[in-house]
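Participant: this one's sequence-less:
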């Protein structure tokens with residue numbers, strides 16, 4: 001009885017020690033991640049003028065024939081400084097993202113077996129590639145989206161565009177497209193844990209398309225039909241591509 005009690009006590013002490021070790025490790029990774037963001041923020045602050053010029057180029061080009069009716073104007077004397085701070089932060093997070101991902105990997109890798117590590121080493125690069133493709137696609141359709149909105153500007157009306165609102169819209173839009181293009185990664189994960197398979201996805205493809213349309217409607221920051229369709233169409237293609245990928249790695253697709 002005494003030996004059992006001593007064993008349980010030792011197990012409890014080891015469990016608490018392990019918990020606090022993980023907690024300390026997590027704190028270290030968080031501190032490093034925050035430090036990377038801070039350094040990236042400083043770099044981003046000085047890169048902001050070039051980033052702002054690049055970000056507003058599609059807006060300026062889309063204005064075109066509407067130039068007499070449109071003004072890009074700040075509404076507060078402090079807004080230009082706040083703009084540089086905010087855009088610098090966005091840039092800093094983007095620059096720090098690979099290093100933050102590395103810190104996350106250092107935290108979770110010790111608890112994974114070899115197969116799980118191989119899976120993550122495959123999924124992580126795929127996620128980055130798909131996210132980059134999504135952001136690039138969002139940049140490509142942005143001018144058409146802006147022109148579509150400006151076509152609704154009534155004659156005689158004047159649009160006073162706040163650059164901060166536009167930049168926030170741009171960030172939301174590119175982030176939404178980047179996340180939307182992660183669909184194959186999500187589907188492959190669900191297939192890996194056994195929740196779905198290629199046969200099920202093919203059988204319920206109509207419901208899948210409807211679900212994709214709903215997701216596109218939710219993710220689209222402007223909630224307009226053009227941007228929603230521009231997001232939903234590639235997601236549908238990625239859906240059927242995911243069926244092919246799962247079919248190659250799991251059960252064959254049966255119609």
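Facilitator: Cool, the structure landed. This one's a predicted model, so the numbers in the text were calculated from it and none came from an experiment.

Participant: quick one: mean pLDDT over the helix or strand hosting residue 47.
Facilitator: Secondary structure from DSSP states H and E places residue 47 in helix 2-63. Within the predicted structure, the mean pLDDT of helix 2-63 is 78.

Participant: do stretch 80-98 as well
Facilitator: Mean pLDDT, taken over the full extent of stretch 80-98, equals 89.

Participant: rewinding a little: next helix or strand past the helix holding residue 47?
Facilitator: Using DSSP H and E, the helix or strand that follows helix 2-63 towards the C-terminus is strand 70-72.

Participant: could you list the buried residues of that next one?
Facilitator: For strand 70-72, the buried set under the neighbour-count rule, 16 or more other C-beta atoms under 10 Å, comprises residue 70. Quick note: C-beta positions are derived from backbone N, CA and C, even for glycine.

Participant: burial check on residue 98, number of neighbours?
Facilitator: Residue 98 has 11 neighbouring residues, counting by other C-beta atoms under 10 Å.

Participant: whoops, residue 233 was the one
Facilitator: By the other C-beta under 10 Å criterion, the neighbourhood of residue 233 contains 12 residues.

Participant: other residues contacting whichever strand or helix holds it?
Facilitator: Secondary-structure assignment from DSSP H and E places residue 233 in helix 225-249. Residues external to helix 225-249 that are found in contact with it (C-beta atoms under 8 Å, 6 or more residues apart in numbering): 137, 141, 144-145, 148, 173, 176-177, 180-181, 183-184, 187-188, 191, 196-198, 201-202, 205, 208-209, 212-213, 215-217, 219-221, 253.

Participant: quick one: buried ones out of those?
Facilitator: If you count burial by 16+ other C-beta under 10 Å, the buried members of the contacts of helix 225-249 come out as 137, 141, 145, 148, 173, 176-177, 180-181, 183-184, 187-188, 191, 196-198, 201-202, 208, 212-213, 215-216, 219-220, 253.

Participant: just the ones of the residues you listed in helices?
Facilitator: Here DSSP state H is the test, and these give 137, 141, 145, 148, 173, 176-177, 180, 183-184, 187-188, 191, 198, 201-202, 208, 212-213, 215-216, 219 as lying in helices.

Participant: for residue 48, what are its contacts?
Facilitator: Residue 48 makes contacts with 83-84, 87-88, 91, as judged by C-beta under 8 Å, 6+ apart.

Participant: format the residues you listed as JSON lines; extra columns: neighbour count and secondary structure.
Facilitator: As requested, these are arranged in JSON lines below (neighbours: other C-beta atoms under 10 Å; DSSP: H, G, I helix; E, B strand; the rest coil):
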{"residue": "83", "neighbour count": "17", "secondary structure": "helix"}
{"residue": "84", "neighbour count": "18", "secondary structure": "helix"}
{"residue": "87", "neighbour count": "22", "secondary structure": "helix"}
{"residue": "88", "neighbour count": "20", "secondary structure": "helix"}
{"residue": "91", "neighbour count": "20", "secondary structure": "helix"}
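
Participant: all good on my end, thank you.
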